[in-house]
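Engineer: Quick one: sequence plus predicted model below, questions after.
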Amino acid sequence: MKPTQRTAAVAVGAAVAFALCGAVSESHADPANPPAPGLVNAGAIDTLLVSLEDIKAIPGGGGFSDSVVSQQPTASPAADPGGPCELALSGTADPAGFGTNWTAFRYADITGSNIYLRQSVGVYPDPGAAEDAFAGLVAGLKSCALSRTGSVAIASLTGSATTWLEPGDRPCAEVARVVKNVFFRVGSCRLEPAAAAVSVANQISGRITNAL
């Protein structure tokens, strides 16, 4: 997410918006080649998003009032074009972070009065493809953190999850994780951002674990 471009319903620019509970399923999945047992089927992607009502239940989440869902990654103007922070400061649903190898994708933009939370979820053909997307993002975060002090601060990093902070007048936090064959990002601003993003990320992780 880029703090300078977070305006209502634009942020990472949802090109095609749907009500969260009414999104029509669309994917690149090949029905003749379903995922291996134990992995998430592309058709289950809508069950992975955390609904507006569930987000309202997190601490401080009562101020959220609107939700729209897109079925494609959406580009936002680069904050550091061609530079070391281009990927790190890209939008939560930016195609630079998700690539084109996903079989299904959803981006949910949850907004309220000066608060917002965004979920981007990509289902991939296999765990390796999801891990590659995660690794690419991590490389971008490290590059930015080393080159521009204050742009991005990595709060935690493991082989499958990372949390980073974007300081500023509207402090923001974002979480990215890879679980099974799913790579996802959750970003939040103003609303105890790290706690909100981690809370929603934990719910998505649990849904992936239980998805068919």
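Structural biologist: Looks like it came in fine.

Engineer: what's the burial count for the residue nearest to I45 when sequence neighbours are not counted?
Structural biologist: Nearest non-adjacent residue to I45, counting by CB to CB, 6 or more residues apart in numbering: A104, 4.2 Å away. The way it works is simple: take the backbone N, C-alpha and C, and place the C-beta from them, glycine included. For A104, the neighbour count with other CB atoms under 10 Å is 23.

Engineer: before we move on, what about S90?
Structural biologist: As a measure of burial, S90 has 26 neighbours, counting by other CB under 10 Å.

Engineer: is it true that it touches G83?
Structural biologist: No: S90 is beyond contact range of G83, at 11.6 Å (criterion: CB atoms under 8 Å).

Engineer: V68 versus the residue nearest to I45, what's the distance?
Structural biologist: Distance, A104 to V68, using CB to CB, to the nearest Å: 18 Å.

Engineer: cool, and L157?
Structural biologist: As defined by CB to CB, L157 lies at a distance of 31 Å from V68.

Engineer: before we move on, what about I58?
Structural biologist: Distance from I58 to V68, counting by CB to CB: 19 Å.

Engineer: Looking at the two, which has the bigger crowd around it?
Structural biologist: The residue with more neighbours, out of I58 and V68, is I58; 20 against 17, by other CB under 10 Å.

Engineer: which residues in the chain form helices?
Structural biologist: Ranges of helices within the chain are 52-56, 95-98, 127-147, 193-210, based on DSSP state H.

Engineer: And the ones you listed: which comes nearest V182?
Structural biologist: If you check each of those against V182 by CB to CB, helix 193-210 wins as the nearest, at 5.0 Å.

Engineer: Quick one: distance of the closest one to the chain centre.
Structural biologist: With CA atoms, centre = their mean, to the nearest Å as the basis, helix 193-210 stands 11 Å off its chain's centre.

Engineer: Can you show me the CA trace of that helix as CSV?
Structural biologist: Presented in CSV, the C-alpha positions along helix 193-210 are these (Å, rounded to 0.1, in the frame of the first residue of the first chain):
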residue,chain,number,x,y,z
PRO,A,193,-2.9,-1.3,11.6
ALA,A,194,-0.6,-4.2,12.6
ALA,A,195,-3.1,-5.7,14.9
ALA,A,196,-6.0,-5.4,12.4
ALA,A,197,-4.0,-6.8,9.5
VAL,A,198,-2.7,-9.8,11.6
SER,A,199,-6.1,-10.5,12.9
VAL,A,200,-7.6,-10.8,9.4
ALA,A,201,-4.6,-12.7,8.1
ASN,A,202,-5.0,-15.2,10.9
GLN,A,203,-8.6,-15.8,9.8
ILE,A,204,-7.6,-16.2,6.2
SER,A,205,-4.9,-18.7,7.1
GLY,A,206,-7.4,-20.7,9.1
ARG,A,207,-9.8,-20.8,6.1
ILE,A,208,-7.1,-21.9,3.8
THR,A,209,-6.2,-24.7,6.1
ASN,A,210,-9.8,-25.9,6.1
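
Engineer: contacting residues around it?
Structural biologist: Contacts of helix 193-210 from elsewhere in the structure, counted by CB atoms under 8 Å, 6 or more residues apart in numbering, are 40, 47-50, 54-55, 58-61, 117, 119, 121, 155, 161, 163, 165, 171-175, 177, 179-180, 182, 184, 186-188.
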